[in-house]
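Asks: just the structure for this:
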Amino acid sequence: MNTIDDLRAALAADAATVAHDEHPARAAGVQGRIRTRRRRRQAGLAAAAAAVAAVVGFGVLPALDDGPAPNDELEVAGHVVPREVRILDFPYRFETSAESEPGEGHVELDLPASGAARAVTVAVDDLPPGSTAALRLDGVLLARVVGPSRLDDPFPIGDDGTLTLTVTGGSGDTRVGLATYERTADLAPGLADTSGTVVFRDRVAGKPRLGAVFARPGAAEASFTVTGRLTDIDVARHCDSNGAPGVYFVMSIDDGATESGRCRDVDDEDPAGGGYVSSGGTESGRHEVRIWTTDRLYGEEVVAFPGTVLGAAAYGSSAGTVVRGAEVPEVIERDGRLWQLEDAVGRRHRLDDLDGPRVLGMVPGPDGAWLEIREDLGPVRTSDGLAGGAGAHAINDVVWPGRSYELSLVDVDGDPAAGAILVYRPMQG
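Replies: So this is what the prediction gives:
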């Protein structure tokens, strides 16, 4: 692909099948979570009956108590870690931990395959200014943490591998550690399908669920009604073909088809977390959301496919910020966290002295753009390209503290391109 026309053609082809690829960051971990969900549930694994000492909702990144641990609490590198956490309202239970002795700069933890998704949090203490602790899974960078003393917020990873935490520039007093968590069999609060494997969460990226439905087992269509202005309503859908070939879905609002695509054989327990569509209408009142299976793209005939799991949900559209004519979200979800729009700048920007991670995005100019990330002491990364157009914007990548970054928008030849760079920071509770 070497022209903007080629880019537009490729994007149009992707849109025809409504394929929603995972973000590249931690893609292996996310896919591992998806692959194991049905297998683990069908095996009948249940949540343990042990009492819970503390439950913390990490979707909004609460401050954690790092004082001395009571006898019944868990402590890692001088920080109290909770026995249970919730990541975007999905529950995880403490599994194991490892920590260094003072002055040691390395921790390693092997995680054998368990059939359940995991999460990890990093603890550091007495980490001098300018020093970092880098977390890797099987050699791939997951996070970088700065001090002086911090219990970082947990995020999902895959279900197995070797975690390593390595300090650069520590002192004789520096301590670091890891705590891992395992997903329980429970879903996040929301509307679940009859098998209890998929849920439309009550809230997604701060948006409340206004209505939802799953088709009855064996049924090929379902619908529900929602009240409001169409500009304030976003809809999400789920269609798992369970291996049946040639299954397509069509979703409509008020008899106008808004989306169609091929149903995938994918265990996605959190379909609303993958994105939304809008009808493009402006009418106020009572609206019908309908979804059905068929045998072709935008097919009008309802065709049943045994075993298909089909559903749809509507969420209240939260306020956005207009950047270069595009309305971009103020709050997003990424890597198990909520992020708040911090800055919308021009086509070039520099990030220095970060206190935590940042998520980067862009609003391309009319001719499209790529986001180029030049990391001091690191490689140059270039995001996927995005064609320009009304409302076009993208969330691209994550950068970590302990480095400086030169950001720029470029065209297909690497020359400066028009547009705006978006920067999101973790939301604080």
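Asks: what about Gly402, helix or strand, and which?
Replies: Counting by DSSP states H and E, no helix or strand carries Gly402.
Asks: count of neighbours near Asp367?
Replies: Applying other CB atoms under 10 Å, we find 14 residues neighbouring Asp367. Just so you know, the C-beta spots here come from the backbone N, C-alpha and C atoms, and that holds for glycine as well.
Asks: measure it to Arg358 for me?
Replies: Taking CB to CB, to the nearest Å as the measure, Asp367 falls 26 Å from Arg358.
Asks: what do you get for Pro129?
Replies: Using CB to CB, we find Pro129 at a distance of 20 Å from Arg358.
Asks: same deal with Val226?
Replies: If you go by CB to CB, the gap between Val226 and Arg358 works out to 35 Å.
Asks: please apply the same query to Leu191.
Replies: Taken as CB to CB, the span from Leu191 to Arg358 is 33 Å.
Asks: which of these two has more residues huddled nearby?
Replies: Using other CB under 10 Å as the criterion, Leu191 and Arg358 rank with Arg358 on top: 21 against 18.
Asks: ok, now which ones touch the more buried one?
Replies: Residues near Arg358 by CB atoms under 8 Å, 6 or more residues apart in numbering: 342, 351, 398-399, 423-425.
Asks: what is the most widely separated pair among these?
Replies: Largest separation among the contacts of Arg358 by CB to CB: Glu342 and Val398, giving 13.5 Å.
Asks: more neighbours, the two?
Replies: Taking other CB under 10 Å, Glu342 and Val398 do not tie; Val398 has more neighbours (20 against 13).
Asks: that one touches Gly356, doesn't it?
Replies: No - look at Val398 against Gly356 with CB atoms under 8 Å: they stay out of range, at 10.7 Å.
Asks: circling back: tell me which of the contacts of Arg358 fall in strands.
Replies: With DSSP state E as the criterion, strands contain 342, 351, 398-399, 423-425 from among these.
Asks: give me the low-pLDDT residue ranges for the chain?
Replies: 1-72, 279-280, 429 (pLDDT under 70).
Asks: domains in it, by residue range?
Replies: 50-183, 207-316, 321-426 (automatic domain parsing).
Asks: turn those into a markdown table, including distance to Gly196.
Replies: Putting the domains of the chain into a markdown table (distance: least, CB to CB, whole Å) gives the following:
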| stretch | distance to Gly196 |
| --- | --- |
| domain 50-183 | 13 |
| domain 207-316 | 10 |
| domain 321-426 | 21 |
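Asks: quick one: which of those domains is nearest Val199?
Replies: Comparing the domains of the chain by CB to CB, domain 207-316 comes nearest, at 6.4 Å.
Asks: and the end-to-end length of the closest one?
Replies: Domain 207-316 stretches 5 Å from its first residue to its last (CA to CA, to the nearest Å).
Asks: ok, now stretch 117-137?
Replies: Rule used - CA to CA; the end-to-end distance of stretch 117-137 is 14 Å.
Asks: kindly report the same for stretch 340-349.
Replies: 18 Å.
Asks: quick one: contacts of it?
Replies: For stretch 340-349, the external contacting residues (CB under 8 Å, 6+ apart) are 321, 323, 328-331, 358, 363, 369, 406-409, 416-427.
Asks: show me what counts as buried in it.
Replies: Under the neighbour-count criterion of 16 or more other CB atoms under 10 Å, stretch 340-349 has 341, 344, 347, 349 buried.
Asks: and for stretch 91-99?
Replies: The neighbour-count check on stretch 91-99 (16+ other CB under 10 Å) flags 91-95, 97-99 as buried.
Asks: give me the nearest residue to the residue nearest to the spatial centre of the chain, chain neighbours excluded.
Replies: Note on the chain: the residue nearest the mean C-alpha position is Arg334, at 3.3 Å, using CA atoms, centre = their mean. Spatially, and ignoring its direct neighbours in sequence, Arg334 is nearest to Val359 (5.2 Å; CB to CB, 6 or more residues apart in numbering).
Asks: so how many other residues sit close to the one you found?
Replies: 25.
Asks: and it, what does it touch?
Replies: 332, 334, 339, 395, 397-398, 423-424.
Asks: buried among the residues you listed? Need that as a selection in ChimeraX.
Replies: Buried residues within those, by 16+ other CB under 10 Å, are selected in ChimeraX with:
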select :332,334,339,395,397,398,423,424
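Asks: I figured Arg203 hits Asp89, correct?
Replies: Yes - the criterion here is CB under 8 Å, and Arg203 meets it with Asp89 at 7.5 Å.
Asks: okay, buried residues for stretch 172-184 please.
Replies: Buried residues in stretch 172-184, counting neighbours by 16+ other CB under 10 Å, are found at 174-184.
Asks: what's next to the strand or helix carrying Arg209, contact-wise?
Replies: Per DSSP H and E: Arg209 is located in strand 207-214. Residues from elsewhere that reach strand 207-214, judged by CB under 8 Å, 6+ apart: 190-194, 198, 200-203, 222-228, 233-234, 238, 272, 289, 291, 309-318.
Asks: beyond that strand, next helix or strand please.
Replies: Strand 207-214 is succeeded, C-terminally, by strand 221-229 (DSSP H and E).
Asks: just to revisit the earlier point, which of the contacts of strand 207-214 are buried?
Replies: The neighbour-count test (16+ other CB under 10 Å) marks 190-193, 198, 200-203, 222, 224, 226, 228, 233-234, 238, 272, 289, 291, 309-315, 317 as buried among the contacts of strand 207-214.
Asks: next step: these restricted to strands.
Replies: If you go by DSSP E, the buried ones among the contacts of strand 207-214 have 190-192, 200-201, 203, 222, 224, 226, 228, 233-234, 238, 289, 291, 309-315 in strands.
Asks: and the residue lying closest to Tyr298 once chain neighbours are set aside, how many neighbours does it have?
Replies: Excluding the flanking residues, the one nearest Tyr298 by CB to CB, 6+ apart is Ser260, at 4.4 Å. For Ser260, the neighbour count with other CB under 10 Å is 19.
Asks: quick one, what contacts Ser260?
Replies: Taking CB under 8 Å, 6+ apart as the test, what Ser260 contacts is 18, 248-251, 297-299.
Asks: of the residues you listed, which is the nearest to Leu163?
Replies: Val18 (35.1 Å).
Asks: elements contacting the one helix or strand Glu182 maps to?
Replies: Using DSSP H and E, the element containing Glu182 is strand 175-183. Counting contacts by 3 or more CB pairs under 8 Å, 6 or more residues apart in numbering; DSSP states H and E, strand 175-183 is packed against strand 74-76, strand 90-99, strand 106-111, strand 118-125, strand 161-168.
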